[in-house]
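Trainee: kindly generate the corresponding structure for this input.
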Amino acid sequence: MIKTVQTTPYEGQRPGTSGLRKKVTQVTQPHYIENFIQATFSCLLESEDTAHDLIEKPLVLGGDGRFYNDVAIQTILAVAKANGVKKVFVGKDGIFSTPAVSATIRKRNCSGGIILTASHNPGGPDEDFGIKYNGHNGGPALSQTTERIYELTLAISEYKIAELPLVDLATVQVNDIDGFEVEVIDSVDDYLEHCQTLFDFPLIKDYLATTTVLFDGLSGVTGPYIERILVDVMNISEENCQNIEALPDFGGGHPDPNLVYAASLVKRMYSEDFAFGCAFDGDGDRNMILGNKFFVTPSDSVAIIAANSGSIPYFRNKLSVLARSMPTSGAIDRVAEKMKAEFFEVPTGWKFFGNIMDHYENEKGGFGHVICGEESFGTGSDHVREKDGIWAALCWLSILADKKVSVEEVVRDHWKEFGRNYYSRYDYENCEAAGARSMMEHLVELTQNTESGTCLHDFPVPLKFADEFSYADKFDGSVSEHQGIRFVFEDGSRIIFRLSGTGSVGATIRLYLEQYEANVENHDMETQDALKALVQLALTISKIEEFTGRTEPTVIT
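Mentor: As a prediction, the model looks like this:
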């Protein structure tokens, strides 16, 4: 039986760069999830093409296992049936990593997917929840789609919902409910099969048999993927894995793979004899790479994967495009220049990479592969349309197995050839939103009133330019404005300010600092020492303490 339920709009259901992020206490309000999912389906039903696909092709559904995922899945299935969806693939126990959703959408020719995740944000009854829609290409919905969904949430007056029995998510099976098919699948299957076409698994397995490694799932969704791919297939010991049970509250931790929140992994990598270590975030799309007593910045990681792509079968003689988000360091730019690869600088948000990937996939038929990355521990390629933590780890293991050197040696060889980009990010989390906006307005005004060639305060290097970054997407014609404030200096140094759209409350100010150093003799400086003058200049020109009251960042990466 299908019911039409009267409802009223909720304010603030505008998806950010990676979907809707709210506190659990908000999404558990009556009709909250139903409203947002109905708006999503209504948006898709407005177009003849997407309406046909939504009804005739399967939908993928799952999440990172955080608190309330299981309840939300049952609600979404009921709204899906009421809106004409005929079949849904659901991950066993509701578990589905974000990159695995993308892989399944693409492999099984699905209409799209709904992912229940707040990514690297905490989980639990008083913590964060998230909902995002991915399109038929496996990637995050484009801005015009998410904006239309938001418009519909503001005008919604009713939603459709079917009366369904609870679906058993613990058993892999096909459930036929009056013609509505819900197939519970092992979400690792499609992803593992895909990875086996990208990498030389026997080579990696042989390497792992001769070295010591450590993987940390941070109690997020990657646990089952680590266990299946690295323990069962690659034959590493479970003793080399920690926090690989997916927990609804991530074990009380913060599932963000950085030096602060993955402190347990970092401590062991610096005190025990592990050659390689990797941590993953809540939904499996982010990663942090470490060697023995050695941290690899995300910006260096993507550049090194690109520079050593010949060690990875999927890319061998087929890599032609490199891309990064604007705040990410310029390390990959230099790789692109040497490789004579096409290069793109895009706003933060993986959907912008998806357009590039789709274009070159269609244009070059598999001979124009793309590698791209974000400084926020996100690395990926056109093998799916999401960043991918497990993939990044397998890339690094491929390079180490092929080169037969350590992580530190790989990085230092890269610096010797391309130079080192000293780089750091300061996160000021949960700032009062009004103060954060006022600071950004102040900085916009400063860029408009500061001429090229100016030396700001006591910083000795002249300014090359200052602006507010905008991006015109040549593939879909969209224009993204207000994407961050840039101060770029004549020596390549950069100071960047951006408001993040991935939190659920308040505002997060991100400050990015970068200085390029070609001289090998200067490659052993402490990062914060190398950036000290830039940090002081950034704090001075932004007046961040004055606008926010913050005297220090929450996290320094």
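Trainee: partner strands of the lowest-mean-pLDDT helix or strand in the chain, with direction?
Mentor: Least confident helix or strand, the chain: strand 555-556 with a mean of 86, by mean pLDDT, DSSP states H and E. Here strand 555-556 has these sheet partners by DSSP bridges: strand 420-431 (antiparallel).
Trainee: may I have the strand it pairs with as PDB, with CA atoms only?
Mentor: The C-alpha coordinates for strand 420-431 follow below in PDB (Å, rounded to 0.1, in the frame of the first residue of the first chain):
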ATOM      1  CA  ARG A 420      59.600  19.900  -2.400                       C
ATOM      2  CA  ASN A 421      56.400  21.800  -1.700                       C
ATOM      3  CA  TYR A 422      56.300  22.600   2.000                       C
ATOM      4  CA  TYR A 423      52.600  22.500   2.800                       C
ATOM      5  CA  SER A 424      50.300  22.700   5.800                       C
ATOM      6  CA  ARG A 425      46.600  23.200   6.500                       C
ATOM      7  CA  TYR A 426      45.200  24.900   9.600                       C
ATOM      8  CA  ASP A 427      41.600  23.900  10.400                       C
ATOM      9  CA  TYR A 428      39.500  26.200  12.700                       C
ATOM     10  CA  GLU A 429      36.500  24.000  13.300                       C
ATOM     11  CA  ASN A 430      33.000  25.000  14.400                       C
ATOM     12  CA  CYS A 431      33.600  28.700  14.300                       C
END
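Trainee: tell me the buried residues in it?
Mentor: 420-429, 431 (16 or more other C-beta atoms under 10 Å). (C-beta placed from N, C-alpha, C; glycine too.)
Trainee: stretch 108-119 too?
Mentor: 110-119.
Trainee: in the chain, where is pLDDT below threshold?
Mentor: Applying pLDDT under 70 to the chain flags residues 364-367, 501-505.
Trainee: can you do 80?
Mentor: Scanning the chain with the threshold set as pLDDT under 80 gives 17-18, 363-367, 501-506.
Trainee: my reading is that Ala78 is in a helix; is that accurate?
Mentor: Yes - with DSSP: H, G, I helix; E, B strand; the rest coil as the criterion, Ala78 is part of a helix.
Trainee: now do stretch 219-239: everything it contacts.
Mentor: 63-65, 95-98, 100, 117, 187-188, 191-192, 195, 201, 204-205, 208-209, 213, 215, 217, 241, 243-247, 250-251, 253, 255, 280-284, 389-390 (C-beta atoms under 8 Å, 6 or more residues apart in numbering).
Trainee: please save the CA atoms from that stretch in CSV.
Mentor: Output in CSV follows, covering the C-alpha atoms of stretch 219-239 (Å, rounded to 0.1, in the frame of the first residue of the first chain):
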residue,chain,number,x,y,z
SER,A,219,36.2,1.8,13.0
GLY,A,220,34.7,2.9,9.8
VAL,A,221,33.3,1.3,6.7
THR,A,222,36.6,0.0,5.3
GLY,A,223,36.9,-2.7,7.9
PRO,A,224,35.2,-5.4,5.7
TYR,A,225,37.3,-4.2,2.7
ILE,A,226,40.6,-4.4,4.6
GLU,A,227,39.6,-7.9,5.9
ARG,A,228,38.6,-9.2,2.5
ILE,A,229,41.2,-7.6,0.2
LEU,A,230,44.3,-7.4,2.5
VAL,A,231,43.8,-10.2,4.9
ASP,A,232,41.9,-12.9,2.9
VAL,A,233,43.4,-12.2,-0.6
MET,A,234,46.7,-10.6,0.2
ASN,A,235,47.3,-12.8,3.2
ILE,A,236,48.5,-10.2,5.7
SER,A,237,47.9,-11.0,9.3
GLU,A,238,44.9,-9.5,11.2
GLU,A,239,47.5,-8.4,13.7
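Trainee: ok now it, how far from the chain's centre?
Mentor: Centroid separation for stretch 219-239 versus its chain: 21 Å, with C-alpha atoms, centre = their mean, to the nearest Å.
Trainee: buried stuff in that stretch?
Mentor: In stretch 219-239, counting by 16+ other C-beta under 10 Å, buried: 219-231, 234, 236.
Trainee: what's the most distant pair in these?
Mentor: Spatial extent of the buried residues of stretch 219-239 (C-beta to C-beta) is set by the pair Ser219 and Met234 at 21.2 Å.
Trainee: quick one: terminal-to-terminal distance for stretch 547-557?
Mentor: By C-alpha to C-alpha, to the nearest Å, the extent of stretch 547-557 from end to end equals 22 Å.
Trainee: buried ones in it?
Mentor: For stretch 547-557, by 16+ other C-beta under 10 Å, it's 547-548, 550, 553, 555-557.
Trainee: let's see which of the buried residues of stretch 219-239 end up in helices.
Mentor: Using DSSP state H, 223-225 are the members of the buried residues of stretch 219-239 that sit in helices.
Trainee: any chance of those in CSV, plus distance to Ala401?
Mentor: As requested, those are arranged in CSV below (distance: C-beta to C-beta, whole Å):
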residue, distance to Ala401
Gly223, 24
Pro224, 24
Tyr225, 20
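Trainee: of the residues you listed, closest to Ala80?
Mentor: Pro224 (24.2 Å).
Trainee: okay, strands next: where are they in the stretch 201-350 of the chain?
Mentor: 213-216, 241-242, 276-280, 287-291, 294-296, 319-325, 342-346 (DSSP state E, counting those that start in this stretch).
Trainee: now mean neighbour count and distance to Tyr471 too, for those strands, in CSV please.
Mentor: Shown next, in CSV, are those (neighbours: other C-beta atoms under 10 Å; distance: least, C-beta to C-beta, whole Å):
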stretch, mean neighbour count, distance to Tyr471
strand 213-216, 23, 34
strand 241-242, 18, 39
strand 276-280, 29, 28
strand 287-291, 25, 25
strand 294-296, 20, 27
strand 319-325, 23, 10
strand 342-346, 18, 6
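Trainee: make a markdown table from the ones you listed and add distance to Gln74 to it.
Mentor: Converted to a markdown table, those look like this (distance: least, C-beta to C-beta, whole Å):
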| stretch | distance to Gln74 |
| --- | --- |
| strand 213-216 | 31 |
| strand 241-242 | 31 |
| strand 276-280 | 27 |
| strand 287-291 | 31 |
| strand 294-296 | 41 |
| strand 319-325 | 36 |
| strand 342-346 | 37 |
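Trainee: so which of those is nearest Ala466?
Mentor: Taking those one by one with C-beta to C-beta, strand 342-346 is closest: 16.2 Å.
Trainee: list the helices and strands that closest one packs on?
Mentor: Contacts defined by 3 or more C-beta pairs under 8 Å, 6 or more residues apart in numbering; DSSP states H and E place strand 342-346 against strand 319-325, helix 331-339, helix 351-364.
Trainee: same thing but 7 Å
Mentor: strand 319-325, helix 351-364 (3 or more C-beta pairs under 7 Å, 6 or more residues apart in numbering; DSSP states H and E).
Trainee: out of the ones you listed, which is closest to Val411?
Mentor: strand 319-325 (17.6 Å).
Trainee: please name every helix or strand in contact with the closest one.
Mentor: By 3+ C-beta pairs under 7 Å, 6+ apart, strand 319-325 packs against helix 298-307, helix 331-339, strand 342-346, helix 351-364, strand 369-374.
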